[in-house]
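*Asks:* Prediction below, plus the sequence it came from.
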Amino acid sequence: VARTHDDARDQGTFASDRLRAAITHAPDGELFGRSLEGVDLETVYRTLAGSDGWVIAFGIPRHVLEAPVRRSLALLMAEGGAGLLLAALLSWLVAKDLAQRRTDDADRAERSLRASEEGRALAVEAAELGVWRWCLNEDAFDASPRCLDLLCIAARSAGPMRWADAFGAAAEADRVALRLSVERSLAVDEPLDEEIKLGASDGPPRWIRINGRRSSDAGGLLQGVVADISGIKRAEGVKLELLRAMAASQEQERRRIARELHDQVGQTVTGLSLGLKSLQDGLPALGGDPAVRDRLAWLRSLAAEIGQDIHRAASDLRPLALDDFGLIAAVSALAKRWGEQNDITVDVQALGAMDRMDPDIETVIYRVVQESLTNVVKHARAQTVSVLLERRADGVRLIVEDDGIGFDLTAASVHQRIPQGLSGMRERLRLVGGSLELETA
């Protein structure tokens, strides 16, 4: 039985040849096809038992049948897109906030450093120089009243004094350093330039700078000037404290943003990924299109990549392992991740009792290791890198070695081409009383 316009014309006429063929093949079943009017139908037919071949066919337009599924899929796609847009918006807001804070910190630091530099310039302009001369053959040191005052020596009416007596107010280490500088100056005929600290009995310690050279017309005479650089040293101390405060502020901000990325944005992306998985798993029960399932799988993969990128960004800003587990765990995790990314073997060794150190020192050591590995990738063409941390009674020693091509350190120094990363490492180490030594092939 098909549709009927009037019984005389259409009684017993099939809706399509495909339906006739399907009934011939199987008395009961279902069929996807198109009606005589061109409407896509899903048809279910049954042959009536004992009716001499009468068939009942029931057809529903496919767009009516699939409308609920299509609406569900559209809603799922809209929710997934909204989640991704939210994650992107959060990431953009965090990045914008970070950039603004960095700009504000840089402006404040620049103003503070400018004020410090102005104070240093004023100290230099206000410095009064003392004049001295030393007869080497007779070991006779003679000086002006200003020089004697700078050396913390009372005014003398008698004749010259010995060189060793002139610098008796200096610490033993400073006297040794001054003696070595004088010997080097006399040996290679180069100017004398040394800074020492004197312990004044009537006030705070005083820093002086001693400049001089051998007289050209009298080989046994060394003469020069002494300048009070206490103001400069104080300004440098203030500058150093400002740099320390700026570094601490940057690390604190990095820590906060890393926590926000990990705890907020990361959790949002994780929830989005789980929601997409739930939708993907429940789609077959709704009779969904396989193409839609593939699209949901792609969205899940994209969400996972976003989550990994957020995790890497948070680790680069401030590794949580450094705060939670200490320096060795953080360096080991960094070396493992870096080695896997760059296909380079990294060996990390720790010697001595690696108890928790001052957070500033741990942060500086971690950043030095991080910058060293970055330089290896950029310049060394190395296959193996070794990182050694040694805890000593007087401090910590870090050695980073690689089997790369190296560079000409002497030529780079002459042409002032020391990589910026090395300068940054040296500056970081100076903030915590450390130093940097380079050995290269």
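*Replies:* Arrived safely. Residues are numbered from 1 along each chain as shown.

*Asks:* Show me what counts as buried in whichever helix or strand Lys233 is part of.
*Replies:* Assigned by DSSP states H and E, Lys233 falls within helix 230-260. Applying a neighbour-count criterion of 16 or more other C-beta atoms under 10 Å, one finds 230-235, 238-239, 242-243, 246-247, 250-251, 253-255, 257-258, 260 buried in helix 230-260. Heads up, the C-betas are built off the backbone N, CA and C, glycines and all.

*Asks:* Packing partners of it?
*Replies:* Helix 230-260 is packed against helix 67-126, strand 206-214, helix 290-317, helix 320-324, helix 359-375, helix 420-431, with contacts defined by 3 or more C-beta pairs under 8 Å, 6 or more residues apart in numbering; DSSP states H and E.

*Asks:* so which of those comes closest to Val400?
*Replies:* Distances from Val400 to each of the helices and strands packed on helix 230-260 were compared using C-beta to C-beta; the shortest belongs to helix 359-375, at 4.2 Å.

*Asks:* what's the closest one packed up against?
*Replies:* Taking 3+ C-beta pairs under 8 Å, 6+ apart as the contact cut, helix 359-375 packs with helix 230-260, helix 320-324, helix 327-342, strand 384-392, strand 395-402, helix 420-431.

*Asks:* For that helix, could you pull out the residues that count as buried?
*Replies:* In terms of neighbour count (16+ other C-beta under 10 Å), helix 359-375 has its buried residues at 361-373, 375.

*Asks:* Adding distance to Ala21 as columns, could you present those in TSV?
*Replies:* What follows is these, written out as TSV (distance: C-beta to C-beta, whole Å):
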residue	distance to Ala21
Ile361	85
Glu362	80
Thr363	79
Val364	82
Ile365	81
Tyr366	76
Arg367	77
Val368	80
Val369	76
Gln370	73
Glu371	76
Ser372	77
Leu373	71
Asn375	75
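
*Asks:* now, among the residues you listed, which is nearest to Val348?
*Replies:* For the buried residues of helix 359-375, the closest approach to Val348 (C-beta to C-beta) belongs to Val369, at 9.0 Å.

*Asks:* on that earlier part again, reformat the helices and strands packed on helix 359-375 as JSON lines; add mean pLDDT.
*Replies:* Conversion of those to JSON lines gives the following (pLDDT from 0 to 100):
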{"stretch": "helix 230-260", "mean pLDDT": "75"}
{"stretch": "helix 320-324", "mean pLDDT": "72"}
{"stretch": "helix 327-342", "mean pLDDT": "86"}
{"stretch": "strand 384-392", "mean pLDDT": "90"}
{"stretch": "strand 395-402", "mean pLDDT": "90"}
{"stretch": "helix 420-431", "mean pLDDT": "79"}
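
*Asks:* closest to Asp294 out of these?
*Replies:* When those are compared (using C-beta to C-beta), the closest one is helix 327-342, at 29.4 Å.

*Asks:* buried sites along the helix or strand that the closest one is followed by?
*Replies:* Scanning the chain past helix 327-342 towards its C-terminal end, the next helix or strand to appear is strand 345-351 (assignment: DSSP H and E). Residues of strand 345-351 classed as buried: Val346, Val348 (neighbour count, 16+ other C-beta under 10 Å).

*Asks:* Note down every partner strand of strand 345-351 and its orientation.
*Replies:* Next to strand 345-351 in the sheet, as set by DSSP bridges, lie strand 384-392 (parallel).

*Asks:* and the strand it pairs with, how far out from the chain's middle?
*Replies:* In terms of C-alpha atoms, centre = their mean, to the nearest Å, the gap separating the centre of strand 384-392 from the centre of its chain is 21 Å.

*Asks:* Alpha carbons of that strand, as CSV, please.
*Replies:* Presented in CSV, the C-alpha positions along strand 384-392 are these (Å, rounded to 0.1, in the frame of the first residue of the first chain):
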residue,chain,number,x,y,z
THR,A,384,75.8,15.4,25.8
VAL,A,385,75.5,17.9,28.7
SER,A,386,76.7,17.3,32.3
VAL,A,387,75.3,19.3,35.2
LEU,A,388,77.2,19.0,38.6
LEU,A,389,76.0,20.6,41.8
GLU,A,390,78.4,20.5,44.7
ARG,A,391,77.5,21.7,48.2
ARG,A,392,80.6,23.0,50.1
